[in-house]
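Peer 1: sequence unknown, structure follows:
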């Protein structure tokens, strides 16, 4: 089957069905009949595409369209709990999985800057003095860094950490509306700060304390920030290179994907905040605290890969508009 010719021949039908679904609350009797007819025809188109083509984008679009049309035709309404489950087993992991190249690239760039700054500043007292005084550095490495994790009650500290990290992720998401251009600068600033702190601690012979306190929560926390930044920059890149689809359609889909990432990140960062408040300053041995952090990180990556890959193979796009739980009126 010539996919391009097939799309060209049937796109008006798909567009018309999409229009009727969006206007489902105000359809006339004739339009309801037309909706049913188009739903059956597009369902046949979907079967043909799945059989003769490997175009996952096309399959995903038609799958979502058929699902929404089916809900409008049958009058089915899924409970809120099913929508919640779908979000965390389809929408969020599929979006995260599809953005893995941006996600990985963001992580590599961030860690590169962190290490570069740490190596550059380590032993370079002239540079360190330009940032702060020797007395302040001494206060940081001998008191403030470790005290930061235990000076407040655990639950209030967890909320403070969660809100702070969520704010960084929200900024990454918000910057997406201006093409994601400020996101690299925001991530660079945080990477440079982390590199400077690493230089201070390692120069003072306290690199083990630095890694022992940072690793348990930092793995999951930074992964969440990387994903938020990646989603925002990916949306911005859609303006420059939308591919072979209309720019408006790509922007709309990835814009909704950014919303999915934002919601998912609040949950992931909540877990990270709980680890930072309850595990990082605890009396557990360092290896046990690090093991908990690594377990949380592996569990999150495994969750994204498992459900994300499963969803992509099923033709899901992660677009929240593809969810079949539409409240119909006819």
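Peer 2: All right, it came through fine. The shown structure was predicted, so the numbers you read here are calculated from the model rather than taken from an experiment. Numbers count the residues shown, from 1 in each chain.

Peer 1: do a quick rundown of the helices in the stretch 101-250 of the chain.
Peer 2: Assigned by DSSP state H, counting those that start in this stretch, the stretch 101-250 of the chain shows helices spanning 125-131, 134-139, 145-147, 154-174, 183-203, 207-240, 247-278.

Peer 1: can you redo those helices as JSON lines with distance to residue 298 and mean neighbour count?
Peer 2: (Glycine included, C-beta is placed from N, CA and C.) JSON lines is the format used below for these (distance: least, CB to CB, whole Å; neighbours: other CB atoms under 10 Å):
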{"stretch": "helix 125-131", "distance to residue 298": "35", "mean neighbour count": "12"}
{"stretch": "helix 134-139", "distance to residue 298": "35", "mean neighbour count": "13"}
{"stretch": "helix 145-147", "distance to residue 298": "26", "mean neighbour count": "17"}
{"stretch": "helix 154-174", "distance to residue 298": "20", "mean neighbour count": "18"}
{"stretch": "helix 183-203", "distance to residue 298": "22", "mean neighbour count": "19"}
{"stretch": "helix 207-240", "distance to residue 298": "9", "mean neighbour count": "22"}
{"stretch": "helix 247-278", "distance to residue 298": "13", "mean neighbour count": "20"}
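
Peer 1: weakest of these in terms of mean pLDDT?
Peer 2: Ranked by mean pLDDT, the helices of the stretch 101-250 of the chain bottom out at helix 154-174, with a mean of 69.

Peer 1: so residue 38 is in contact with residue 16, correct?
Peer 2: Yes. With contact defined as CB atoms under 8 Å, residue 38 and residue 16 form a contacting pair (6.3 Å).

Peer 1: the more surrounded of these two?
Peer 2: Each of residue 38 and residue 16 has its neighbours counted (other CB atoms under 10 Å); residue 38 has more, 21 against 14.

Peer 1: excluding chain neighbours, what is closest to that one?
Peer 2: Of all residues not flanking residue 38 in the chain, residue 17 sits nearest, at 4.2 Å (CB to CB, 6 or more residues apart in numbering).

Peer 1: pLDDT averaged over stretch 307-320 - what is it?
Peer 2: Mean predicted lDDT for stretch 307-320 stands at 79.

Peer 1: next, the angle helix 247-278 makes with the helix or strand containing residue 297.
Peer 2: Taking DSSP states H and E as the definition, one finds residue 297 inside helix 286-313. Interaxial angle, helix 286-313 versus helix 247-278 (axes from the mean of the first three to the mean of the last three CA atoms, to 10 degrees): 160 degrees.

Peer 1: what about residue 315, which SS state?
Peer 2: State at residue 315, reduced to three classes by DSSP: H, G, I helix; E, B strand; the rest coil: coil.

Peer 1: the chain should start at 547 in everything you say after this.
Peer 2: With the count now opening at 547, the last piece we talked about shows up as residue 861.

Peer 1: which residue packs closest to the spatially most central residue of the chain, ignoring adjacent ones?
Peer 2: Central residue of the chain (CA atoms, centre = their mean): residue 807, 3.5 Å from the mean position. Leaving aside its sequence neighbours, residue 807 sits nearest to residue 777 (CB to CB, 6+ apart; 4.2 Å).

Peer 1: how close does the one you found sit to residue 811?
Peer 2: 9 Å (CB to CB, to the nearest Å).

Peer 1: please apply the same query to residue 709.
Peer 2: According to CB to CB, residue 709 stands 13 Å off from residue 811.

Peer 1: likewise for residue 835?
Peer 2: Taken as CB to CB, the span from residue 835 to residue 811 is 23 Å.

Peer 1: kindly report the same for residue 748.
Peer 2: Applying CB to CB to residue 748 and residue 811 gives a distance of 30 Å.

Peer 1: touching, residue 649 and residue 771? I think so.
Peer 2: No. Assessed by CB under 8 Å, residue 649 is found out of contact with residue 771, at 10.6 Å.

Peer 1: between these two, which contacts overlap?
Peer 2: Common neighbours of residue 649 and residue 771, counting by CB atoms under 8 Å, 6 or more residues apart in numbering, are absent.

Peer 1: where does pLDDT dip in the stretch 547-696 of the chain?
Peer 2: Residue ranges of the stretch 547-696 of the chain with pLDDT under 70: 547, 600, 621-626.

Peer 1: let's see that with 90 instead.
Peer 2: The stretch 547-696 of the chain contains residues with pLDDT under 90 at 547-557, 560, 564-582, 585-586, 589, 591-634, 636-638, 640-641, 644-645, 668-696.

Peer 1: quick one: distance of stretch 679-692 to the chain centre.
Peer 2: 35 Å (CA atoms, centre = their mean, to the nearest Å).

Peer 1: any idea how far apart the tips of that stretch sit?
Peer 2: End-to-end distance for stretch 679-692, by CA to CA, to the nearest Å: 19 Å.

Peer 1: burial count for residue 728?
Peer 2: 16.
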